[in-house]
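Peer 1: structure for the following, please:
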Amino acid sequence: IACDVWTITINIIESTSMPQAVERDLDKKTTSTKSEMVAINRSSMKPPTPEHHHHDEESGSNSSSSNTTAPLLESPALPKKATATNDFRDAAFWLFMLFVASVTMTVGNKYVMKQWDYANTLTLMQNGTAVLYLGVGRYLGMLDMKPFAAQQWKVFAVSSFFLAMQILTSLKALPFVAIATVVAFRNTCTVIIAIIDYLVFGNKFNKAQVMSLAVTTAGMILYALQDINFHVVGYLWLVGNSVATIINTFWNKFYITHYTKDLKIQTSYGVSFIQQVETLPIVFVLATMNNEEKAFAALNPLSVTAKLMVFGTCLGGVLIGIAYPKCFSLVSGTSVVVASTANKAVSILIGMWLFGTRLSMLQVVGLLVCIVGSLWYALEGNRGKK
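Peer 2: Next comes the predicted model:
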C-alpha cells in the first residue's frame, strides 16, 4: 500500500511542481543566455590580443589573462536541472510524510482506543507533544511567532475548547464505528458548513460547487442507508464531533483570518501554539473527572506494538502540522487536496484490513460518491481562489 501511495504522490508532483520549477528555470536561463550574448558581442568588437598563459603552482592548472570569454565556459543548465530535481524530491518526500502522518493519526488512534480507552490522557499526550515542538521551535527561532497578548489568549480560548471537543469526540467514536463512517461524517460537515455559509454569511457558490455538494450529500445518504457497522453510541459521538467541527470552523474562519491576515498581529504558528496550550488544562480536567489516573498503569500490560502506536500518534500530530505547510509551499493547493483525499481512501483500506471491517456494496458506492463529491468541491474552491 505504501508503494502504491508513493506512486500516486509521484504522479501528483509531476503534474504540478515539475512544470512550475521548469518554468522558473526557463526564466533564469533566458536571462543568463542574454548576458552571454552581450559578452560575445562585446568581445567580438575588441581587437584580438595575444593570450598570456601562466602556470598556477598551487592548483597546477593553466589560466588565461583574458576573461572576456569566461561566461561561455560556465554551464548554468546543470545547477538549474539539479534545482528542479531537488524541488521534485522535496515535494515527493513531504507528500509522503503527509500520508504517513495522516494514516498514523487515523488508523493509529483507532488501534490505540480499541485497546487503551483513555481518550483524555491520549489527547493530553498528543497535544503536549505539539506544545513542546512549537515551544522549542519558537525558542530556537525555527518557527515564527509574534509577541503574545492577553486578548489573543481570550479570543482563542473558545476555539481551544471546541478543538479539544473535536479530538475527544473523534477518539471516543473510533472504537464503535468504521473509519469509513468517520470520513463520511467529515464530508457531511463540509456540506453543512457550506449551507450555513450561504444562508447566514451570504457567500455565493457557483453551479459546479452546488453540484459537488449535492453529490457529497447523496453519497452520505447512500452510505447511511445500509451501515452494517451502525452503532448508536458511535454515531452520537460523531454527531457531537460534527457540531464541534462546524462551530470551530466558523470561529476560526473569522478570528484566525482577522489576527493573521488582516491585523497581522500573530502568525499561524503562534495561533496554533495558543490553541494547543489552552487545550491542556481542559483535557486535564476532563481526564480527572473521568478517573483516568490509572491510565499509565493500564498502559504497561499492553503489547509493544500498542505502546509504539501511542508514541507514534504523538509524533504523528506534530508531523502532520509540519507536513501540511511544507506541501503547500512546494506544490499547488489542488495537489494537496488530491493527496489528502488519497490518504483518506488508503486509511479506509488499511482499517478494513487491520480491524476486519466489512462494508456492504451500497456503503462502498455511497462512500465513493461521497469522497468524489468532496474532492470535486475542494478542487472547485481552489480554482475559485486562483
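Peer 1: going forward, measure contacts and count neighbours with C-alpha atoms only.
Peer 2: Will do.
Peer 1: just the buried residues of the helix or strand Tyr223 falls within, please?
Peer 2: According to DSSP states H and E, Tyr223 maps onto helix 207-225. If you call a residue buried by 16 or more other CA atoms under 10 Å, then helix 207-225 has these buried ones: 209-210, 212-224.
Peer 1: ok, those residues vs Met352, which is closest?
Peer 2: For the buried residues of helix 207-225, the minimum distance to Met352 (CA to CA) is 15.7 Å, reached by Tyr223.
Peer 1: secondary structure element for the nearest residue to Phe176 once chain neighbours are set aside?
Peer 2: For Phe176, ignoring the flanking residues on the chain, the nearest one in space by CA to CA, 6 or more residues apart in numbering is Gly234 at 4.9 Å. Applying DSSP H and E as the criterion places Gly234 in helix 232-257.
Peer 1: and the next element down the chain from that helix?
Peer 2: With DSSP H and E, the next secondary element past helix 232-257 is helix 268-289.
Peer 1: what's next to that following helix, contact-wise?
Peer 2: Residues from elsewhere that reach helix 268-289 (CA atoms under 8 Å, 6 or more residues apart in numbering): 120-121, 123-124, 127-128, 130-131, 134-135, 143-146, 148, 153, 156-157, 159-161, 163-164, 256, 260, 293.
Peer 1: now do the helix or strand where Met97 lies: which elements does it pack against?
Peer 2: Counting by DSSP H and E, the element that carries Met97 is helix 77-103. Judged by 3 or more CA pairs under 8 Å, 6 or more residues apart in numbering; DSSP states H and E, helix 77-103 is in contact with helix 2-14, helix 17-45, helix 304-330, helix 333-355.
Peer 1: now the angle from that helix to helix 304-330?
Peer 2: 140 degrees (axes from the mean of the first three to the mean of the last three CA atoms, to 10 degrees).
Peer 1: can you mark which positions in helix 77-103 are buried?
Peer 2: Those would be 80, 84, 87-103, for helix 77-103 by 16+ other CA under 10 Å.
Peer 1: and the following helix or strand past it, what's buried?
Peer 2: Using DSSP H and E, the next helix or strand after helix 77-103 towards the C-terminus is helix 109-115. Within helix 109-115, the residues that count as buried by 16+ other CA under 10 Å are Asn109, Lys110, Tyr111, Val112, Met113, Lys114.
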